[in-house]
Every structure is written in structure tokens, then in C-alpha cells.
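Chemist: The amino acid sequence is not available; the structure is as follows:
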DNA sequence: CCTAAGGTTGACGTTAACGTAAAGGTATAA
DNA sequence: TTATACCTTTACGTTAACGTCAACCTTAGG
């Protein structure tokens, strides 16, 4: 596993599967959906450092509730080093849009965390009172 | 719409659908999955303030990438005012666990936001240089 | 009375994201 | 050389979360 050739690390499909807790099936599926495009050594897939970074992006995206289609767009966004001004501007807009979306999502998470903290405190208070009741009886 | 009776507001299914940008089908589906259980006026559903709060929870949960099954558990968590100590402790553990999960999720979001900001800046820099190039030529 | 706008319950269709075999190639260790 | 551990493609199965009819009430307005 993890054959190091030519100073650039390579990973097998199961290397990545283990590292990111995915099945090989899932990884091949991502390739099918054009999220990955690894080299081949004969028939076998060889993943580069860059591929690994993509997998990381995919996993993170999924954790945050994005669909593979959305993640696909984001990857294209990240990797298409546009050079023409109109495309650069469009790229910038998409970046900002996605950032704003994430910021709103963060807002909701923080709100939920606050509510959970409140509930935790109430719970602890009740537990304490029950504890006192017991000591008294 | 929004019939106010007995000082407690009631909503029709399409009231809620419009407010939360859902279809009535989706709302009925949530009921099917035991996330909602509205009163009936004859055959028609009447949603209370509490039901509306639940819908809000559902929508928020979905935005954060939770499945309806997970959301179901959370709702039960919130509404089952346990009174026995062992159950209260279990309740507390579940709350904490969920909070930790959300905090980790927030961590990932913040990381992503940072990366997006970097990309935005790079993009702006490139745009500026292109602008200067133009002015010079 | 009739129509239009909502509401209801089935029940089958659809999409995403894989799971799960089946059938076979390849390379290395005993 | 044979077994073991990986890898491959092809293809059908599955689950979640609804979409989309169909066929049917009912209630307020013209």
C-alpha cells in the first residue's frame, strides 16, 4: 500500500477507502459521477495526492449535507483556473455565493447548539434537584 | 387561512407549506414518518403553534444534512420530559452527543469558509492585475 | 345549483447514493 | 502451483424522501 514512486505518493482504492471510511464501491461511484478521475496502472486505479484531496472535499461536502452534484460543481469551481475576466468574475460570484450559504448554515448550527446547551443545563438542574431530594428523604 | 380560535393559532397544511417552502405532500410525509401528529377538524389537519415549531425543526435539520430518522429521534428527545433519573441521564448524554456532533460540523464549515475566503481574495487579486494590465496596454 | 379552491387517502413513479452479488484478471507468498 | 488478497466490470437491488397522478369530499361564492 501507499507506493511511493517518483516523489509523488500514490494510493490504491482501498487505501483511500480505509483512510476516509468509505467503501471502494462508493469511491468508484464518485468516479462514475465525474468527481474523480484517477490514473490507471493497467486496469487498476492509482490515486494521486490531488485525488486524495478531492476525496477529502467530497467527504467534507457530504458531512455538510451537499449532494454529489453540488460537490461536483464545487470541485469544477476550484480546479478550473479561469483566466478570462468574465469567467473569473463568474467564478468569484459562485465562490461568494457558496460562502454565504455556508455562513447561513453556520448560523443555524450555532443557534441549535445554543438551544442544546440550554436543554443540557435544564437537564442538569433537574438531576441536581432530584439528587437533593434523595439526600433529604 | 390562519384561523385564530380560542387564542391558539391554527394553520392549515398549505399555510405551513407556504411559510416553509415545502409541498403539502412533504408535510404529510413527515406525519407518516411520525414527525408530526396534528389535530383533525373532521378530516382536515389543523396545525398548532407547537406543530409549526416542529416543522421549523425539521426544516432546519434537513438544511444541516440530517435524515428524517435522525430528526425524529431529536424531536422525541426534545419532547419527552423524562422524570426518572436514569432516563434523564440518558437524555443528557444524547443532548451532549448531538451538540458535539454539531460543533464538529461547525468546525468543518468554518474551515471551508476560510478556504473560500482565500480563493475569493486570490480571484480578486487576479482580476485587479488583469485590470491594471488593461489600463497599461 | 354549479364551480372553484382547497382538503383527503391510496398507490405507483422517480432520483440519489450507494449495497450486493457474479464472474473474472493479477500478483505474491508458502 | 495453489491459495490469498486485491483489483476489475457489469448489473440488478435497496432505502430515503418525496413527486405525481387518480378519485373523491366540502365549503364558500356567484
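Modeler: Looks like it came in fine. Source: prediction; values computed, not measured.
Chemist: Quick check, the residue in chain A closest to chain B?
Modeler: Proximity of chain A to chain B (C-beta to the nearest C-beta) peaks at residue A:65, 2.3 Å away. Every C-beta, even on glycine, is put in place using the N, C-alpha and C of the backbone.
Chemist: Which residue, other than its chain neighbours, is closest to residue A:57?
Modeler: residue A:75 (6.3 Å; C-beta to C-beta, 6 or more residues apart in numbering or on different chains).
Chemist: for the helix or strand where the one you found lies, the distance to its chain's centre please.
Modeler: Assigned by DSSP states H and E, residue A:75 falls within helix A:68-79. Put simply, helix A:68-79 sits 12 Å off its chain's centre (C-alpha atoms, centre = their mean, to the nearest Å).
Chemist: what's the answer for stretch A:59-68, then?
Modeler: Centroid separation for stretch A:59-68 versus its chain: 5 Å, with C-alpha atoms, centre = their mean.
Chemist: now the end-to-end length of that stretch.
Modeler: Start-to-end span of stretch A:59-68 (C-alpha to C-alpha, to the nearest Å) is 10 Å.
Chemist: Enumerate every residue touching residue A:68.
Modeler: A:30, A:33, A:35, A:58, A:62 (C-beta atoms under 8 Å, 6 or more residues apart in numbering or on different chains).
Chemist: Name the helix or strand of chain A that has the lowest mean pLDDT.
Modeler: strand A:4-5 (a mean of 45; mean pLDDT, DSSP states H and E).
Chemist: Give me the contact status of the longest helix along chain A with chain B.
Modeler: Across chain A, the longest stretch assigned as helix under DSSP state H is helix A:85-136. Yes - with C-beta under 8 Å from any C-beta of the partner chain as the measure, helix A:85-136 is seen reaching chain B through A:85, A:88-89, A:91-92, A:95-96, A:98-99, A:102-103, A:105-106, A:108-110, A:112-113, A:116-117, A:119-120, A:123-124, A:126-127, A:130.
Chemist: ok, now how distant is residue A:106 from residue A:77?
Modeler: Noted for residue A:106: a distance of 20 Å to residue A:77, by C-beta to C-beta, to the nearest Å.
Chemist: Over to residue A:124?
Modeler: 45 Å.
Chemist: Which of the two has more residues huddled nearby?
Modeler: residue A:77 (16 against 13; other C-beta atoms under 10 Å in any protein chain shown).
Chemist: thought the more buried one was touching residue A:91?
Modeler: Yes - Residue A:77 is in contact with residue A:91 according to C-beta atoms under 8 Å; the separation is 6.5 Å.
Chemist: circling back: the helix holding residue A:75 vs helix B:85-136, what angle?
Modeler: Computed with axes from the mean of the first three to the mean of the last three C-alpha atoms, to 10 degrees, the direction of helix A:68-79 lies at 40 degrees from that of helix B:85-136.
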